[in-house]
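K.L.:
Sequence and computational prediction follow.
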Amino acid sequence: MSNRFDEWSSEIKSYCQKNNLDFDKAKKLSQGWGKDFLVLQFHDENIKANGLLDEIPMPVVLIIEKKDNNLIFTQTEHTKKYL
């Protein structure tokens, strides 16, 4: 499976620039992806955690979906805080 962030990098960078978001921070966020979507999430490395055993969810920062050959970006309540 290819990494959606790398594949869509130029469009993500353009979106970040147009919306006053930090593309360099976006590159460092945790990522989850599928065939037509990419989810960027914030992971606080300062929290000593046991992964899923602690059940600490990572906030979703940005959702990117591909529809009809276009990328659709959805910001969340965490977007401005982490980007």
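P.N.:
Thanks, I have the structure now. Residues are numbered from 1 along each chain as shown.
K.L.:
only C-alpha atoms for contact and neighbour calcs from this point on.
P.N.:
Noted.
K.L.:
average model confidence for the host helix or strand of residue 81?
P.N.:
Here residue 81 sits within helix 79-82, counting by DSSP states H and E. Throughout helix 79-82, pLDDT has a mean value of 96.
K.L.:
roughly how far is it from the heart of the chain?
P.N.:
11 Å (CA atoms, centre = their mean, to the nearest Å).
K.L.:
mind listing what's buried in that helix?
P.N.:
Within helix 79-82, the residues scored as buried using 16 or more other CA atoms under 10 Å are 79, 82.
K.L.:
Just the CA trace of it, in PDB.
P.N.:
Taking only C-alpha atoms (Å, rounded to 0.1, in the frame of the first residue of the first chain), the coordinates of helix 79-82 have been written out as PDB:
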ATOM      1  CA  THR A  79      -6.600  21.600  13.100                       C
ATOM      2  CA  LYS A  80      -5.600  25.200  14.200                       C
ATOM      3  CA  LYS A  81      -4.200  23.900  17.500                       C
ATOM      4  CA  TYR A  82      -1.800  21.400  15.900                       C
END
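K.L.:
From here on, call the first residue 27.
P.N.:
All set: I'll call the first residue 27, so the last point we hit is now helix 105-108.
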